[in-house]
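Participant: Sequence and predicted model, in that order:
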Amino acid sequence: MEELIKKLTAAYGPSGRESEVADIIEALLADKVDSIRRDALGNLICEKKGTAKNGKRIMFSAHMDQIGLIVTHVEKEGYLRVSNVGGVSTANSRMRHVRFQNNVHGVLVEQPLKQNETSSMRTYYIDIGAKDADEALGMVQLGDVAIYAEECFAMGEHRLAAPAMDDRCACALLISLMQNLPACKDTVIAVFSTQEEVGCRGSQTAAYSVEPDLGIALDVTLCGDLPEDRKLAINLGEGPAIKIMDARSISNPDLVQALLAAGKRAKVACQREVLPF
């Protein structure tokens, strides 16, 4: 699992440009499922047919995309002005190593703030080492997207960190499920979705074509065991969190209870997630 997570998190895949990630996943599942297809939005849909005629259609979805920084224009000195693709945090972006799909690397820098000026993407630029705009445009183009470039690394015995852990760790989980799932009465559809970071567009589109009886999203969440005033009853290492509600969705109560019951049967400790974000 560690090697799979490292392989997935190393892939380039900002929102709308997930094909490299999809290629890796498709190769891993080609002989493990009954059908694989990609829809017009780029979702990778892998189906394992059930044995029962009256079986349910169960859809699991994990998103392939990661946040990014899209080039909007180039300063005459060769610096790249950028805007966010998804929820980029300016507080977590200062002096970050970034890379483009063509392996041009750079540093994301915040310019000195003027009096009463607040930090925003308008105050950031990427330095790719170009001497002027012409050289910069020979290296990247307007509309190219950079991602955080740090590789996956271990922290202690059982923990990993990587910029694309959201949501490549769940992609790894879903790949493992489909690789090891025995024959069962229900049809299981794994959707590796696109454009989650800009509004869950891929999973919504896929749900209309898959038409599942049950839909389960696999994603990361926040933790409450951090040195800050965040009152969340979720702790890293104490089991998967089953979402009850967040700021944009209310989970189906019957499905929540079924997941909690499944955890008990499997003797897996589960946490209840109520996320006010």
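Facilitator: Done, it's in.
Participant: Could you look up the SS state of the closest residue in space to G129 that isn't next to it in sequence?
Facilitator: Spatial nearest neighbour of G129, chain neighbours left out: G106 (7.2 Å); criterion: Cβ to Cβ, 6 or more residues apart in numbering. Every residue, glycine included, has its C-beta placed from N, CA and C. What DSSP: H, G, I helix; E, B strand; the rest coil gives for G106 is strand.
Participant: And G106, how far from Q66?
Facilitator: Plainly put, G106 is 17 Å away from Q66 if you go by Cβ to Cβ, to the nearest Å.
Participant: Compute the distance between the residue nearest to G129 and G68, please.
Facilitator: As for G106, its distance to G68 is 13 Å (criterion: Cβ to Cβ).
Participant: just K6 next, same as before
Facilitator: 20 Å.
Participant: Tell me which of the two has more neighbours.
Facilitator: For K6 versus G68, neighbours defined as other Cβ atoms under 10 Å are more numerous around G68 (27 against 17).
Participant: how about the helices in this protein?
Facilitator: 2-9, 19-29, 133-137, 165-180, 201-210, 253-265 (DSSP state H).
Participant: ok, for the residue positioned nearest the centre of the chain, nearest residue in space, not its chain neighbours?
Facilitator: In the chain, the C-alpha nearest the mean C-alpha coordinate belongs to D167, at 2.9 Å (Cα atoms, centre = their mean). Leaving aside its chain neighbours, D167 sits nearest to H63 (4.7 Å; criterion: Cβ to Cβ, 6+ apart).
Participant: same check, this time on T90
Facilitator: S119 (4.6 Å).
Participant: Do I have it right that the one you found meets A91?
Facilitator: Yes - using Cβ atoms under 8 Å as the test, S119 is close enough to A91 to be in contact (7.2 Å).
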